[in-house]
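Visitor: show me the folded form of this:
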Amino acid sequence: MIAANAAEIIAFWCEAGYERWFSRDEAFDEEIRARFLATHEAAAAGALNRWEETPEGALALLILLDQFPRNLFRGTPRAFATDALARTIADRALTKGFDQKVPPELKGFFYLPFMHSENLVDQERCVALYEAAGDEKGLPHAIEHRDIIARFGRFPHRNPILGRATTEEEAAFLANGGFSG
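Guide: Predicted coordinates for the structure are as follows:
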């Protein structure tokens with residue numbers, strides 16, 4: 001059963017606001033789980049593909065597939081399981097100019113799937129998107145993520161979650177306050 005429509009997802013996300021979007025908050029994670037897990041699973045299974053036809057629908061899909069998993073499945077491999085699908089949707093949406101058809105504060109959600117990628121080409125694209133958008137709030141984060149991938153080829157903070165060995169250089173980076181997710 002689909003628990004929410006695109007407008008409900010966007011309204012919830014906007015009401016939550018920037019601070020809640022990018023912080024760790026178990027109560028917020030639980031609220032997302034209770035309200036949107038079924039909708040996330042439907043999107044992950046391709047049942048909501050028709051949402052890609054509109055800017056709002058594509059935005060809702062990106063929130064469902066790129067943002068919500070980080071809350072729904074925090075600390076597990078499932079947090080990243082729909083990242084590739086989100087990138088595909090973001091790519092198609094950008095081709096249609098959908099990032100230009102949503103409020104400015106929501107444009108970045110079309111770019112974040114590339115920021116979450118462990119591929120340097122995606123990272124370079126993300127930086128270019130934030131630069132082109134003139135997004136001074138998001139650009140430093142895009143550069144930081146890109147620089148980590150350029151240096152390590154992956155996000156070291158994901159290693160324990162994904163069962164990967166951490167190199168000495170990665171361990172030193174994390175121990176010295178390097179980006180930890």
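Visitor: and residue 73, backbone torsions?
Guide: phi -130, psi 30 (degrees, to the nearest 10).
Visitor: and the residue nearest to it when sequence neighbours are not counted, how many neighbours does it have?
Guide: Closest residue in space to residue 73, ignoring its immediate chain neighbours: residue 79 at 4.4 Å, by CB to CB, 6 or more residues apart in numbering. Backbone N, C-alpha and C define where each C-beta goes, glycine included. The local packing of residue 79 (other CB atoms under 10 Å) involves 20 other residues.
Visitor: also residue 90?
Guide: 28.
Visitor: do you know how far it is from residue 108?
Guide: Using CB to CB, to the nearest Å, one gets 11 Å for the distance from residue 90 to residue 108.
Visitor: can you tell me the SS state at the residue lying closest to residue 18 once chain neighbours are set aside?
Guide: Nearest-residue entry for residue 18: residue 105, 7.9 Å, with adjacent residues in sequence omitted and distances by CB to CB, 6+ apart. Using DSSP: H, G, I helix; E, B strand; the rest coil as the criterion, the local structure at residue 105 reads helix.
Visitor: the lowest-mean-pLDDT helix or strand in the chain: which residues count as buried?
Guide: The helix or strand of the chain with the poorest confidence is helix 6-21; it has a mean of 94 (mean pLDDT, DSSP states H and E). Within helix 6-21, the residues scored as buried using 16 or more other CB atoms under 10 Å are 6, 9, 10, 12, 13, 21.
Visitor: low-confidence ranges, this protein, go.
Guide: The chain contains residues with pLDDT under 70 at 1-2.
Visitor: where exactly do the helices run in it?
Guide: Ranges of helices in the chain, per DSSP state H, are 6-21, 26-44, 55-62, 68-72, 83-95, 112-115, 120-133, 139-152, 159-162, 168-175.
Visitor: what comes into contact with stretch 88-98?
Guide: For stretch 88-98, contacts defined as CB atoms under 8 Å, 6 or more residues apart in numbering pick out 52, 54-55, 58-59, 61-62, 65-66, 99, 110-114, 129.
Visitor: with stretch 69-81 instead?
Guide: For stretch 69-81, the surrounding residues in contact (CB under 8 Å, 6+ apart) are 24, 28-29, 32-33, 36-37, 40, 44, 82-83, 116, 158, 161-163.
Visitor: likewise for stretch 117-132?
Guide: 83, 87, 94, 99, 108, 110-115, 138-139, 142-143, 145-146, 149-150, 153-155, 158.
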